[in-house]
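**Student:** Here is the input, now give the coordinates:
(one chain, ligands or ions: 1)
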Amino acid sequence: PRVTIVGAGRVGSTLAQRIAEKNLADVVLLDIIAGMPQGLALDLVEARGIELHNRQIIGTNNYADTSGSQIVVITAGIPRKPGMSRDDLLKTNAKIVVEASKNAIAHSPNAIFIVVTNPLDVMTYLAWEATGLPRSRIMGMAGVLDSARFETFIALELGVLPADVKAMVLGSHGDLMVPLSRYATVNGIPITELLDATIIARLVERTRNGGAEIVELMQTGGAFFAPASATSVMVESILLNQSRLLPVAAYLQGEYGLEDVVIGVPCRLGCGGIERVLELNLTDEEREALYTSAQSVRKNIERSQE
Ligand code: NAI
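**Tutor:** Residues are numbered from 1 along each chain as shown. Have a look, this model is predicted:
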């Protein structure tokens, strides 16, 4: 199989490394900067004999080289600078994502698309519109990352192995995300049995602020290691038909009482893309938070089209 990554920046190039080194697929890295994706690809190829995988990695500035991809990941765009919210990226990235989606679908009409560019939910909606794809084949990555952050903070608080912590974060990728603490467990034990409500509230807040925390520390862009890992998990579940149940930004068609909006919900990901959207029984408070989050996505979809 072949995976195209549009945008060979920090998230894109790290994702290329993950996909190749996990031996999942050949990778085409595309960027508008001449020579840059070619150089990165050569660097990754030179590591191949050491890392012992057998995947091709090519870099290009030409969409013709991406043809026949099973998956297209879009990370092209600009990242946040300190003090910026994801929404500040709206207009610039909207143009980039729409153009990239149209170019990519023209050469890989059967591909499944994963959008990573921020503001995530809006960009996924615009890519859905630009490609005309059925909702099963277009989605955004955010929930897997936000959940991993929440799990990390829970694990750090309790001093336990992060892999033993399971949590899910729904909603939009931003300050209005909806971490479901009620469902978070350590090997099946609810965290509500293990931690005080005030501590959980603090961990939820840190999760909401997880991206900004790193932007502020680095001062030169945002996170990319964990975002690349999170995206590779989605790529893997699709390519290997693993049917994992992951929080995915999906185009909703009435689920959770929401329509014509993209928002993070639990989805089963397999070779067909989003094979099922799971509807959880949310509390009034959680449902309210999901609606608020959907409303802000909708407002930004409108703003992006002004
Ligand atoms: P970056 O600046 O390192 O890379 C972006 C790349 O896109 C650059 O190499 C740039 O040349 C390229 N690009 C710009 N316009 C293009 C076009 N028209 N066609 C092809 N390539 C183009 O940024 P980074 O850190 O890799 O982040 C990428 C995006 O992903 C940002 O919007 C960031 O906010 C977002 N992001 C989203 C996350 C999520 O959870 N969904 C997590 C982390 C980042």
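**Student:** Next up, the contacts around residue 272.
**Tutor:** Residue 272 sits next to 136, 137 when contact means CB atoms under 8 Å, 6 or more residues apart in numbering. Any C-beta I mention is one placed from the backbone N, CA and C, and that applies to glycine too.
**Student:** Buried ones in stretch 252-263, by neighbour count?
**Tutor:** 252, 255, 256, 258, 261, 262, 263 (16 or more other CB atoms under 10 Å).
**Student:** Just the terminal-to-terminal distance for that stretch.
**Tutor:** 7 Å (CA to CA, to the nearest Å).
**Student:** In strands only, show me the buried residues of stretch 252-263.
**Tutor:** Secondary structure from DSSP state E places 252, 261, 262, 263 of the buried residues of stretch 252-263 in strands.
**Student:** separation between the third one and residue 279?
**Tutor:** As for residue 262, its distance to residue 279 is 16 Å (criterion: CB to CB, to the nearest Å).
**Student:** again with residue 302
**Tutor:** 26 Å.
**Student:** Please name the bridge partners of residue 273.
**Tutor:** residue 270 (DSSP bridges).
**Student:** hey, where'd the helices end up in the stretch 51-200 of the chain?
**Tutor:** 90-107, 120-131, 143-158, 197-208 (DSSP state H, counting those that start in this stretch).
**Student:** most tightly surrounded among the ones you listed?
**Tutor:** Most buried of the helices of the stretch 51-200 of the chain by mean neighbour count (mean count of other CB atoms under 10 Å) is helix 120-131; its value is a mean of 26.
**Student:** As PDB, could you dump the C-alpha coordinates of that helix?
**Tutor:** Taking Å, rounded to 0.1, in the frame of the first residue of the first chain, the C-alpha atoms of helix 120-131 are listed here in PDB:
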ATOM      1  CA  LEU A 120      -9.000  20.500  12.700                       C
ATOM      2  CA  ASP A 121     -12.700  20.100  12.600                       C
ATOM      3  CA  VAL A 122     -13.300  22.900  10.200                       C
ATOM      4  CA  MET A 123     -10.500  21.800   7.900                       C
ATOM      5  CA  THR A 124     -11.900  18.300   7.800                       C
ATOM      6  CA  TYR A 125     -15.300  19.700   6.900                       C
ATOM      7  CA  LEU A 126     -13.800  21.800   4.100                       C
ATOM      8  CA  ALA A 127     -11.900  18.800   2.800                       C
ATOM      9  CA  TRP A 128     -15.100  16.700   2.900                       C
ATOM     10  CA  GLU A 129     -16.800  19.400   0.800                       C
ATOM     11  CA  ALA A 130     -13.900  19.800  -1.600                       C
ATOM     12  CA  THR A 131     -13.500  16.100  -2.300                       C
END
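**Student:** Specify the angle between it and helix 90-107 in degrees.
**Tutor:** 40 degrees (axes from the mean of the first three to the mean of the last three CA atoms, to 10 degrees).
**Student:** Say whether the ligand is contacted by helix 120-131.
**Tutor:** Yes. Part of helix 120-131 sits near the ligand under the criterion CB under 6 Å from any ligand atom, namely residue 120.
**Student:** Who are the packing partners of that helix?
**Tutor:** helix 90-107, strand 112-115, strand 138-140, strand 244-253, strand 259-270, helix 284-304 (3 or more CB pairs under 8 Å, 6 or more residues apart in numbering; DSSP states H and E).
**Student:** for stretch 239-259, how far is the first residue from the last?
**Tutor:** Length of stretch 239-259, first residue to last, CA to CA: 28 Å.
**Student:** Run a quick neighbour tally on residue 282.
**Tutor:** By other CB atoms under 10 Å, the residues close to residue 282 number 16.
**Student:** residues contacting the residue nearest to it when sequence neighbours are not counted?
**Tutor:** Ranked by CB to CB, 6 or more residues apart in numbering and with sequence neighbours excluded, the top spatial neighbour of residue 282 is residue 290, at 6.7 Å. By CB under 8 Å, 6+ apart, the contact list for residue 290 reads 170, 171, 178, 256, 258, 263, 282.
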